[in-house]
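Q: structure, please.
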Amino acid sequence: MPTILLAGTLDTKGAEYAYVRDRLRARGLAVLVMDLGVLGEPAFPADIPAADVARAGGADLASLRAAADRGPATDAMRRGACALVPALQAEGRIDGILGLGGGGGTAMITAAMRLLPVGVPKVMVTTMASGDTAPYVDVSDLVLMPSVVDIAGLNPISRRILANAAGAIAGMVGEASAAGADDAPARPLIAATMFGVTTPCVTAARQQLEAAGYDVLVFHATGTGGRAMERLVDSGYIAGVLDVTTTEWCDEVVGGVLTAGPDRHGAAARAGVPQVVSVGALDMVNFGAMDTVPARFADRTFYKHTPAVTLMRTTADECREIGRRIAAQLARATAPVTLVLPRRGVSMLDAPDKPFHDPDADRVLFATLRASVGPRVHVVDVDAHINDPAFADVLVRELLAVLTPAARATRP
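A: Sure thing, here's the model as predicted:
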């Protein structure tokens, strides 16, 4: 029988949690209740009481209740939930998690949800499911369901929303159970990065890798995509990385809006996962609409991708720093790494007669990478554009080589 964890504040939302608990049980599901409330006694006893959660967060519940400032109490209960929820899932005690909350509850509960593996059902009914939801979702697969009305009592609207949430999590755990029983034997997973301007390359490589017996997860290199890939690598899902499109480094170095942070490539180094890395779309920095581009870039070369997306060509100096950053990260790797460089251009916009064609900037990028990666990184120069079929062929050959020692020994 699948078990749903209900996590939330039973002192202020006890009636709502009892209603959802009963709906889940009526569907034949087991329910485990975790209390995160610090303002008073719970409306009904929890399987995991608030005192246990506080203790897991390094605090004493009585002291938290006595304090005038709710902030430290919320932090302590968030820490406790973040310690306990992943442990419950790892022990096989829960199959999904459902939460209800406003601002404070949503912050606590989604912090714990984000620590669960991708694929574990996670539903949060919240007043915060509009506007900027990145602080709650980040790179997780959790689902935010708008509560429409505040979670403050049961009424015809809230009952319908809460019943829908119970049905959603029930359906999710049912599908997860069925998928686990029916899926074909798993094939090794390859993570690949793609942008619109590198799509022909990644599509060709993906098709070859699938024919060779791998499943390929393609991540859109929009900052969030790169961080999602890094998380999956850290989680142990990935057998190899085909990091064709490292464009997020442009935004990290220059100040664009799609940075993945300074730890790109860090997960593969930590996990000992083989990588084949290239320089896809390192010719562009991403901004929003043209009027959002900082004034200091007024004299630069731009390309209007859409009304909401403006691309800016990287300079030789910026390419030099980008190359240094990538090289420093690749040098940390503990598994085989190959860097593959396309001499004839790094994106659809970086080709003769295209707006970002700048061979001098590309040469600076390539020279910096070659000089900085160190002896442990295998460098391959290809006399082709990144989207030429021949370049995809080399990428696949090199990735299969780092995945298979026998192939590595016979690599040209």
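Q: how about the helices of the stretch 251-400 of the chain, start to end?
A: 266-271, 316-330, 359-372, 389-403 (DSSP state H, counting those that start in this stretch).
Q: any idea which of those helices is most buried?
A: For the helices of the stretch 251-400 of the chain, the largest average neighbour count (mean count of other Cβ atoms under 10 Å) is found in helix 389-403, namely a mean of 21. (Each C-beta comes from the backbone N, C-alpha and C, glycine too.)
Q: got a list of contacts for it?
A: 188, 190, 200-202, 204-205, 208-209, 212, 239-240, 242, 244, 274-276, 278, 335-338, 340, 342, 378, 380, 382, 384-385, 407-408, 411 (Cβ atoms under 8 Å, 6 or more residues apart in numbering).
Q: out of the residues you listed, list just those in strands.
A: Members of the contacts of helix 389-403 lying in strands (criterion: DSSP state E): 190, 240, 242, 275, 276, 337, 338, 340, 342, 378, 380, 382.
Q: next one: stretch 360-368 to chain centre, how far?
A: 30 Å (Cα atoms, centre = their mean, to the nearest Å).
Q: any idea of the mean pLDDT in it?
A: Taken as a whole, stretch 360-368 has a mean pLDDT of 98.
Q: again with stretch 72-85
A: 96.
Q: same check, this time on stretch 205-216
A: pLDDT averaged over stretch 205-216 gives 95.
Q: return the distance of that stretch from the chain's centre.
A: With Cα atoms, centre = their mean, you get 22 Å for stretch 205-216.
Q: measure that stretch end to end?
A: Start-to-end span of stretch 205-216 (Cα to Cα, to the nearest Å) is 9 Å.
Q: before we move on, what about stretch 149-163?
A: For stretch 149-163, the end-to-end distance is 14 Å (Cα to Cα).
Q: neighbouring contacts of that stretch?
A: For stretch 149-163, using Cβ under 8 Å, 6+ apart, the contacting residues are 13, 15-16, 19-20, 23, 100-102, 125-127, 145-148.
Q: number of residues surrounding residue 145?
A: 18 (other Cβ atoms under 10 Å).
Q: which SS class is it?
A: With DSSP: H, G, I helix; E, B strand; the rest coil as the basis, residue 145 sits in strand.
Q: surely it meets residue 164?
A: Yes: counting by Cβ atoms under 8 Å, residue 145 touches residue 164, with 7.3 Å between them.
Q: buried subset of the contacts of helix 389-403?
A: 190, 200-202, 204-205, 208-209, 239-240, 242, 244, 274-276, 278, 336-338, 340, 342, 378, 380, 382, 384-385, 408 (16 or more other Cβ atoms under 10 Å).
Q: among the helices of the stretch 251-400 of the chain, which is nearest residue 285?
A: Set against residue 285 and scored by Cβ to Cβ, those come closest in helix 316-330, at 7.9 Å.
Q: what's that closest one packed up against?
A: helix 248-254, strand 275-277, helix 359-372 (3 or more Cβ pairs under 8 Å, 6 or more residues apart in numbering; DSSP states H and E).
Q: could you dump the ones you listed into JSON lines and include distance to residue 73?
A: Formatted as JSON lines, the helices and strands packed on helix 316-330 follow (distance: least, Cβ to Cβ, whole Å):
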{"stretch": "helix 248-254", "distance to residue 73": "36"}
{"stretch": "strand 275-277", "distance to residue 73": "43"}
{"stretch": "helix 359-372", "distance to residue 73": "48"}
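Q: tell me which of those approaches residue 287 most closely.
A: Closest among these, using Cβ to Cβ: helix 248-254, at 9.0 Å.
Q: which other residues reach that closest one?
A: By Cβ under 8 Å, 6+ apart, helix 248-254 touches 221-223, 226, 256-262, 264, 281-286, 312, 314, 318, 321-322, 325-326.
Q: now that helix, how far from the chain's geometric center?
A: With Cα atoms, centre = their mean, you get 18 Å for helix 248-254.
Q: now do it, average pLDDT.
A: Mean predicted lDDT for helix 248-254 stands at 98.
Q: likewise for stretch 335-351?
A: Stretch 335-351 comes out at a mean pLDDT of 97.
Q: can you give me the strands for the stretch 51-200 of the chain?
A: 96-101, 122-126, 143-146, 189-194 (DSSP state E, counting those that start in this stretch).
Q: packing partners of the first one?
A: Contact partners of strand 96-101 among helices and strands, from 3+ Cβ pairs under 8 Å, 6+ apart: strand 3-8, helix 14-26, helix 103-113, strand 122-126, helix 156-182.
Q: now those as TSV including distance to residue 297 and mean pLDDT?
A: What follows is the helices and strands packed on strand 96-101, written out as TSV (distance: least, Cβ to Cβ, whole Å; pLDDT from 0 to 100):
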stretch	distance to residue 297	mean pLDDT
strand 3-8	45	97
helix 14-26	50	97
helix 103-113	35	95
strand 122-126	38	97
helix 156-182	45	85
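Q: of all these, which one comes closest to residue 331?
A: helix 103-113 (33.0 Å).
Q: residues contacting residue 213?
A: If you count contacts by Cβ under 8 Å, 6+ apart, then residue 213 has 187, 188 around it.
Q: roughly how far does it sit from residue 188?
A: 7 Å (Cβ to Cβ, to the nearest Å).
Q: now residue 381
A: In terms of Cβ to Cβ, residue 381 sits 28 Å off from residue 188.
Q: so which residues make contact with stretch 107-115?
A: Counting by Cβ under 8 Å, 6+ apart, 7-8, 36, 74, 77-78, 81-82, 84-86, 97, 99, 101, 122, 124, 135-140, 142 sit against stretch 107-115.
Q: just the buried subset of those residues, please.
A: Judged by 16+ other Cβ under 10 Å, buried ones among the contacts of stretch 107-115: 7-8, 36, 74, 77-78, 81-82, 84-86, 97, 99, 101, 122, 124, 136-140, 142.
Q: now the buried members of the contacts of stretch 149-163.
A: 13, 15-16, 19-20, 23, 100-102, 125-127, 145, 147.
Q: tell me how far the helix or strand hosting residue 33 lies from the chain's centre.
A: In this structure, residue 33 is located in strand 30-35 according to DSSP states H and E. Relative to its chain's centre, strand 30-35 lies at 27 Å (Cα atoms, centre = their mean).
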